[in-house]
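**Student:** pasting the sequence and the predicted model now:
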Amino acid sequence: VLSFIIFICYIASLAASFMMAPLLEFLLALFLFFAYASKLNEKFKGLYWPLTDFLRCVTAAIIYFSISIAAVSKYNDGASKAAGVFGFIATIVFAIDFYITFNDLVTFLKQGSSDPPEGHKAEEEDSDSDSD
């Protein structure tokens, strides 16, 4: 929703050249929302979806921060200033989402490296039951 508001502000401002970044971010967020809602992430197991969300958050935070600085400092109309302020808010929101997703990725990577693969677990259980 925040990306859509920023997109509308950029359309109404003199900084209309920045409207593509919020539009693409809005469409990408909409796609990921519908992918999770329709359980598309369960159908495509080859793609690690939290990593995709992590990369989206990182790039969105960087892009929103940079275009917000440019919109606030370079343009003097109210819509550009509003888009810049909403862009800074979006940067904070994406940074928080980046932090949460990063913690999930670290937990996943630690879990994946310490636990034995499923095939080895089954072999260990079979050997334990044979010795009994």
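**Tutor:** Great, that's in hand.
**Student:** gap between the two ends of stretch 11-23?
**Tutor:** End-to-end distance of stretch 11-23 (CA to CA, to the nearest Å): 10 Å.
**Student:** now do it: everything it contacts.
**Tutor:** 3-4, 6-7, 10, 63-64, 67, 70-71, 74-80, 82-83, 87 (CB atoms under 8 Å, 6 or more residues apart in numbering). Where you see a C-beta, it was placed from the backbone N, CA and C, and this is true even at glycine.
**Student:** list buried residues within those residues.
**Tutor:** Neighbour-count burial (16 or more other CB atoms under 10 Å) applied to the contacts of stretch 11-23 gives 3, 6-7, 10, 63-64, 67, 70-71, 75, 79-80, 82-83, 87.
**Student:** hey, C-alpha coordinates of stretch 26-33 in CSV?
**Tutor:** Below are the C-alpha coordinates for stretch 26-33, written out as CSV (Å, rounded to 0.1, in the frame of the first residue of the first chain):
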residue,chain,number,x,y,z
PHE,A,26,4.2,-2.4,-5.8
LEU,A,27,3.8,-5.0,-8.6
LEU,A,28,6.5,-7.2,-7.2
ALA,A,29,5.0,-7.1,-3.7
LEU,A,30,1.6,-7.8,-5.2
PHE,A,31,3.0,-10.8,-7.0
LEU,A,32,4.7,-12.2,-3.9
PHE,A,33,1.5,-11.7,-1.9
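**Student:** residues in contact with that stretch?
**Tutor:** 3, 4, 7, 49, 52, 53, 56.
**Student:** again, 10 Å this time
**Tutor:** With CB atoms under 10 Å, 6 or more residues apart in numbering as the test, stretch 26-33 has contacts from 1-7, 40-41, 49, 52-53, 56-57, 59-60, 94.
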